[in-house]
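Novice: Below is the structure, and that's it, no one-letter string:
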């Protein structure tokens, strides 16, 4: 996951260090923090890079996309308000994530960015403290997110969703469970089958030990036919 400041590590639990929800971590509004993982992946292989939107727009059967490319992500969040509605345990955050897929090694078509996705979010965070199945419930996030590739007309791909994310921890292990609901489109839907691929939620497991943090992201559409899902492993080591 994203690197965190090394200050006061003995005061913060594994989940609090990840999400900054403990009293020791509350430092007022306009607090700037990493949100999702920030990374630069110099080599990524895809057996079928998606060129379908470009084909329908530019009427080209083959754009010459290569299987080898580069992926990079920048993500941050800012605390907009602390103590919403006068409640000490309720904070408002705003998040922003940019993910780009770059055909960096494709000199044939001038190494373009194949796709860039933008995702702004508004998140209400309510800090909790309860026990369930040996885990401690630390927070509940209620969020609204818009994700788009920033294109127009035939190249546009976007969707909106609301979600609830439950954060649990046990020793150095944190679990984040996030079901979501896609907000229906009022006009023509330019991404009608996105739930077939991304499903209706995800599960993130994070294990921290020393300066090392390991995470596992799971996602599935839970369909018996045409089943699709994703598994993503991350490792992060913070500096001294």
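Specialist: Looks like it came in fine. Values in this document were obtained by computation on a predicted structure and should not be read as measured data.
Novice: and the spatially closest residue to residue 124 that is not a sequence neighbour, what helix or strand is that in?
Specialist: Spatially, and ignoring its direct neighbours in sequence, residue 124 is nearest to residue 142 (4.5 Å; CB to CB, 6 or more residues apart in numbering). (Glycine included, C-beta is placed from N, CA and C.) Remark: residue 142 resides in strand 135-148, with elements defined by DSSP states H and E.
Novice: Let's test this: mean pLDDT of that strand, rounded?
Specialist: Averaging pLDDT along strand 135-148 yields 96.
Novice: What helices and strands are in contact with that strand?
Specialist: helix 14-19, strand 113-132, strand 158-170 (3 or more CB pairs under 8 Å, 6 or more residues apart in numbering; DSSP states H and E).
Novice: what's in contact with stretch 77-86?
Specialist: 26, 28-35, 90-96, 121, 123-124 (CB atoms under 8 Å, 6 or more residues apart in numbering).
Novice: From these, which land in strands?
Specialist: 32-34, 90-96, 121, 123-124 (DSSP state E).
Novice: possible to save the residues you listed as JSON lines with neighbour count and distance to residue 195?
Specialist: Listed next are the ones in strands among the contacts of stretch 77-86 as JSON lines, based on neighbours: other CB atoms under 10 Å; distance: CB to CB, whole Å:
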{"residue": "32", "neighbour count": "8", "distance to residue 195": "33"}
{"residue": "33", "neighbour count": "18", "distance to residue 195": "30"}
{"residue": "34", "neighbour count": "18", "distance to residue 195": "28"}
{"residue": "90", "neighbour count": "17", "distance to residue 195": "30"}
{"residue": "91", "neighbour count": "23", "distance to residue 195": "30"}
{"residue": "92", "neighbour count": "17", "distance to residue 195": "28"}
{"residue": "93", "neighbour count": "23", "distance to residue 195": "25"}
{"residue": "94", "neighbour count": "15", "distance to residue 195": "25"}
{"residue": "95", "neighbour count": "19", "distance to residue 195": "22"}
{"residue": "96", "neighbour count": "15", "distance to residue 195": "23"}
{"residue": "121", "neighbour count": "21", "distance to residue 195": "18"}
{"residue": "123", "neighbour count": "20", "distance to residue 195": "21"}
{"residue": "124", "neighbour count": "16", "distance to residue 195": "24"}
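Novice: Specify which member of the residues you listed is nearest to residue 113.
Specialist: residue 96 (18.0 Å; CB to CB).
Novice: hang on, isn't that closest one packed against residue 120?
Specialist: Yes: with contact defined as CB atoms under 8 Å, residue 96 counts as touching residue 120 (5.3 Å).
Novice: Show the pLDDT at the residue nearest to residue 72 when sequence neighbours are not counted.
Specialist: Spatial nearest neighbour of residue 72, chain neighbours left out: residue 40 (4.7 Å); criterion: CB to CB, 6+ apart. Note on residue 40: pLDDT of 93.
Novice: For residue 120, give its distance to residue 146.
Specialist: 6 Å (CB to CB, to the nearest Å).
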